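K.L.:
Kindly generate the corresponding structure for this input.
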Amino acid sequence: MKGFRNFILRGNVVDLAVGLMVGAAFSAVVNALVKDLFTPLISALVHQPDFSKWDVTVRGVVVPYGDFINSLISFVIIATVVYFCVVLPVNKLTTRFQGSPEAPKKTNEEKLLEEIRDLLKKSSTN
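P.N.:
Numbering: from 1, shown residues only. As a prediction, this is how the structure comes out:
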């Protein structure tokens with residue numbers, strides 16, 4: 001039991017659990033935004049709120065592709081909302097609080113290789 005307790009109380013497991021809970025709550029918000037705001041706007045533009053009835057018949061077989069169209073539109077809308085409402089603001093906040101990223105420091109091997117490169121360039125021009 002001690003090993004299990006240590007496993008459960010490790011920081012990564014707790015962080016993951018919190019992330020999943022926040023993700024589930026955020027998913028509900030984004031889904032409601034898409035369902036209640038964006039889908040009616042698209043319906044107003046294309047005059048059809050639901051594409052699930054769309055299908056095509058090929059050699060007597062009905063191929064329903066409307067649900068795929070609904071899912072694709074939903075995915076694009078959700079991805080757009082997540083990008084513009086979450087990713088961009090978080091990136092801007094991260095940049096603001098961390099400042100501009102510093103260039104990584106060169107290792108001794110990289111410095112030596114640069115010196116060799118410079119010597120080769122110098123000797124080839126003479």
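K.L.:
low-scoring stretches of this protein, by residue?
P.N.:
Residue ranges of the chain with pLDDT under 70: 8, 10-11, 49, 99-102, 126.
K.L.:
Now the element after the top helix by length along it, going C-ward?
P.N.:
Secondary structure of the chain per DSSP state H: the longest helix is helix 11-33. Using DSSP states H and E, the next helix or strand after helix 11-33 towards the C-terminus is helix 39-46.
K.L.:
CA-only coordinates of the very next helix or strand once past that next one in CSV, if you can.
P.N.:
For helix 39-46, the following helix or strand on the C-terminal side (DSSP H and E) is strand 55-58. Extracted as CSV, the C-alpha positions of strand 55-58 are listed here (Å, rounded to 0.1, in the frame of the first residue of the first chain):
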residue,chain,number,x,y,z
ASP,A,55,-26.7,10.9,-48.3
VAL,A,56,-25.8,9.5,-51.7
THR,A,57,-26.9,6.2,-53.2
VAL,A,58,-24.3,4.1,-55.0
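K.L.:
which helices and strands does strand 55-58 pack with?
P.N.:
strand 61-64 (3 or more CB pairs under 8 Å, 6 or more residues apart in numbering; DSSP states H and E). Every residue, glycine included, has its C-beta placed from N, CA and C.
K.L.:
could you say what helices and strands the strand it packs on packs with?
P.N.:
Going by 3+ CB pairs under 8 Å, 6+ apart, strand 61-64 lies up against strand 55-58.
K.L.:
one step back: which residues sit against the longest helix of the chain?
P.N.:
Residues from elsewhere that reach helix 11-33 (CB atoms under 8 Å, 6 or more residues apart in numbering): 7, 78, 81-82, 86.
K.L.:
Quick check: buried residues in it?
P.N.:
residue 30 (16 or more other CB atoms under 10 Å).
K.L.:
What angle do helix 39-46 and it make with each other?
P.N.:
Relative orientation of helix 11-33 versus helix 39-46 (axes from the mean of the first three to the mean of the last three CA atoms, to 10 degrees): 40 degrees.
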